[in-house]
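Provide a 3D model corresponding to the input given below.
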Amino acid sequence: MTSDSVSDRLDLSDLLDAYARGIDGKDWDLVTSVFTPDAALDYTAFGGPKGGRDEIIQWISASVSAFPMTQHHITNRTFTIDGDTATSAAELFAPMGMAAGDGKMTMLFTGGVYNDTYRRTADGWKISTRVCDRAWLGAGPDASGPNAPA
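Numbering: from 1, shown residues only. Now for the predicted structure:
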């Protein structure tokens, strides 16, 4: 493994972290920045659309708006790099809390796999395609915490 490939892997990993941070912080400019303008994205496994970057981000924004607390974890990442393109499979686990009253949250849990293709651009690596796979959804008991919505 060369220092260039290690650097590329770190950059790709940082990109997935930026996506998760953007979703959880509801920072839609940050989320937009991880994709190429012509990205082809398929979120149908999560009940969402298949379409372009802006359409998908609009759907994600509307979907998480009901959840004051989200915490996306993108793990078990495998990267294959070939010059200025790369692919990965990465697992998603996302607990999300919806206000339930009395300082508690009703918990919803989402999981699945992101299958991504990346392209190196003048602004660094960007996701050019994403297909969500093996999605699941579950609900849990109410939870409380230091930042539980009232």
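
Please list the residues outside the helix or strand harbouring L12 that contact it.
Element membership for L12 (DSSP states H and E) is helix 3-24. Residues outside helix 3-24 that contact it (Cβ atoms under 8 Å, 6 or more residues apart in numbering) are 27-31, 33-34, 60, 64, 70-74, 77, 79, 81, 86, 88, 90, 114, 116, 118, 124-127. (C-beta placed from N, C-alpha, C; glycine too.)

Buried only: go through those residues for me.
Buried subset of these (neighbour count, 16 or more other Cβ atoms under 10 Å): 31, 34, 60, 64, 70, 72, 74, 79, 81, 86, 88, 90, 114, 116, 118, 125-127.

so what does the helix or strand of the chain with the lowest mean pLDDT touch, helix or strand wise?
One helix or strand of the chain scores below all others by mean pLDDT, DSSP states H and E: strand 143-144, with a mean of 74. Strand 143-144 is packed against strand 104-121, with contacts defined by 3 or more Cβ pairs under 8 Å, 6 or more residues apart in numbering; DSSP states H and E.

I'd like to know which elements the strand it packs on is packed against.
On a contact count with 3+ Cβ pairs under 8 Å, 6+ apart, strand 104-121 meets helix 3-24, strand 85-101, strand 124-139, strand 143-144.
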